[in-house]
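In: need a structure here:
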Amino acid sequence: MSQALAPPSPGALRACMSRFATGVTVVTYAGEEGPRGATMNSFTSVSADPALVVVSVARRARCHDQLIDSSFCVNILGAEQEPLARLFAGAQGAAEPRWAAGARVPRLTNPLAWVECEPWRAYDGGDHTLVVGRVTDLGHRDGDALTYAWSRFGTAAESTDGIEHLI
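Out: All right, here's what the predicted structure looks like:
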């Protein structure tokens, strides 16, 4: 008979996962008092047909209840947009957001890429909720990407040899 292993502590899991480099996003939505957003790095595409993406939202986050039932936009940040990442993570005075005019869902101006979504499904993920969005619109520009690894921001240089043609 095997013995049950004790789960790792939340701190040990965060330390381990910090070694996995991710992009940095600000997920934006319409709040009662106007456009709102939250910095998130747990984001990925799920399906091409139908076009679906997922964000992992902490249950304790102020945006949690609103995001699980609202249209939202995932703003993938460029390397020069670290101040916006800090602002939407709660740093005071880090930057002043500018909002794209005419966007159906609040969207930051000039992100490296953006993915606009309607709510599709939400799943229990422990202390997070996995919010799956159906992609309704998207766009991108050239530039270096803002990354996060080892609990700090970094940069991934734009490659001249992309694989977009393979997807």
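
In: show me where this protein has helices.
Out: Secondary structure of the chain, counting by DSSP state H: helices at 10-17, 64-67, 82-88.

In: any idea which of those helices gets closest to W120?
Out: helix 64-67 (12.5 Å; C-beta to C-beta). Heads up, the C-betas are built off the backbone N, CA and C, glycines and all.

In: counting by contacts, list what the closest one packs against.
Out: strand 25-31, strand 51-58 (3 or more C-beta pairs under 8 Å, 6 or more residues apart in numbering; DSSP states H and E).

In: what is the orientation angle of the shortest one with strand 51-58?
Out: Using axes from the mean of the first three to the mean of the last three C-alpha atoms, to 10 degrees, the inter-axis angle of strand 25-31 relative to strand 51-58 is 90 degrees.

In: direction included, what does strand 25-31 pair up with?
Out: If you go by DSSP bridges, strand 25-31 pairs up with strand 34-40 (antiparallel), strand 72-76 (antiparallel).

In: out of the helices and strands packed on helix 64-67, flag the one nearest C117.
Out: Closest approach to C117 among the helices and strands packed on helix 64-67 (C-beta to C-beta): strand 51-58, 6.3 Å.

In: contacting residues around the closest one?
Out: 25, 27, 38, 40, 42-46, 63-64, 67-68, 72, 74, 115, 117, 120, 125, 127-135 (C-beta atoms under 8 Å, 6 or more residues apart in numbering).

In: pull out the buried members of those.
Out: Buried residues within these, counting neighbours by 16 or more other C-beta atoms under 10 Å: 25, 27, 38, 40, 43, 46, 63, 67-68, 72, 74, 115, 117, 120, 128-135.
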